[in-house]
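mind folding the following:
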Amino acid sequence: MQRHVASGRHLLGLGMALLTALMWGALPVILKVLLSDIDPYTLTWCRFVAALCIIGPLAARRGELRPLFKLRAVPRILLVVCTLCMTGNFALYLAGLRTVPPSAAQIVMQLSPVFVLLGGIVIFREPFARVQSLGFIGLFAGMALFFNQRYGELFSGMDSRYAQGLLTIAFSSFLWSTFSLTQKQLLSYASGRALLTVCYGTGIAVLLPFINLNGLTHFPLSHYVLFVASVALTLCSYLTFAEALHHLEASRTGVVVALTPLLTVAMAAVAALFTDRVETEPLNALALLGALLVVAGSTATSLGRRST
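Numbering: from 1, shown residues only. So this is what the prediction gives:
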């Protein structure tokens, strides 16, 4: 009986991890379509408002916001850094996504585990395992292969909008890793829901001077549907990810979720058949091999067993 229960939990965990990967894979494609009619800062602001309206009342009703009012000097500074980095990550990712295909954006975002690992080594004095060094090599070799047909644009300097977009997304991944590391510290003081509530609220205030809601009036009905889907996917993906971790080992969950860039490549290719608002990255055999290496390298970097 216990074996059947364990098997059921395992299958549920795998299902939740795969669902998370599918949602994270689809999100850049949806956002790419929306960016054709609205600027990155307004879209980010609207996503924050919608998310805050959903998660804020839950955190307030459960009294999860109270501990944040009791934070001392250092945790308060960490909270400020956490909120600003999350806002910067969301806004800059969309700014970069506006000039590069969704698949390229997801490949570059795989730098996030590298930044998190480096932060863990420097800040938390975490050890560095050999498999993680191999992950570093695989990740950067994979990126070099994935962009093998874009070298002319990448090395033409900052005159290339494509190069600017990739650099912006790389910086966005750095901000996400900083958000992740500071959030890790703050979770000992408050719940993740309370932290997200403050992050969304701060982001709304910070981005307010830069938004232009006129773009929303030009949305066709399908874009309103896509906007609602983008908010739902953002919130639901974190819930399914947490559920996957609850029923499955972190290593196995990470391996499934690491498939996200490959799913984005496939979904972008399908979306491009129906709309010209989603361009696809030119893919040859080397680029496909590179995407596989990026996934493998990212997995090894973030989930490799650390030496003791």
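
what mean pLDDT does stretch 203-218 get?
Averaged over stretch 203-218, pLDDT sits at 88.

next, the buried residues of it.
Of all the residues in stretch 203-218, those buried under the rule 16 or more other C-beta atoms under 10 Å are 203-204, 206-207, 211, 215-216. C-betas here are computed from N, CA, C, even on glycine.

in helices, which of those fall?
Judged by DSSP state H, the subset of the buried residues of stretch 203-218 located in helices is 203-204, 206-207.

which among these gets closest to Tyr238?
Using C-beta to C-beta, Gly203 comes nearest to Tyr238 of these, at 15.8 Å.

the nearest residue to that closest one once chain neighbours are set aside: which element?
Once flanking residues are discounted, Gly203 sits nearest to Thr87: 3.9 Å by C-beta to C-beta, 6 or more residues apart in numbering. In the assignment (DSSP states H and E), Thr87 maps to helix 73-97.

again, but for Thr42
Element membership for Thr42 (DSSP H and E) is helix 40-61.

contacts only, for Thr168.
Contacts for Thr168 were tallied using C-beta atoms under 8 Å, 6 or more residues apart in numbering; they are 92-93, 95-96.

and the two most separated of those?
The span of the contacts of Thr168, defined through C-beta to C-beta, is set by Tyr93 and Ala95 at 7.3 Å.

closest one of the buried residues of stretch 203-218 to Thr275?
Of all those, Thr275 sits closest to Gly215, with 18.0 Å by C-beta to C-beta.

which residues touch the closest one?
37-39, 42.

show me which helix or strand of the protein is least confident by mean pLDDT.
For the chain, the helix or strand with the lowest mean confidence is helix 250-257, at a mean of 64 (criterion: mean pLDDT, DSSP states H and E).

hang on, the earlier thing: kindly reformat the ones in helices among the buried residues of stretch 203-218 as a markdown table containing distance to Ser112.
Rendered in a markdown table, the data for those read as follows (distance: C-beta to C-beta, whole Å):
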| residue | distance to Ser112 |
| --- | --- |
| Gly203 | 19 |
| Ile204 | 24 |
| Val206 | 21 |
| Leu207 | 22 |
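
residues in contact with the residue nearest to Gly203?
Taking C-beta under 8 Å, 6+ apart as the definition of contact, the neighbours of Thr87 are 44, 48, 199, 202-203, 206-207.
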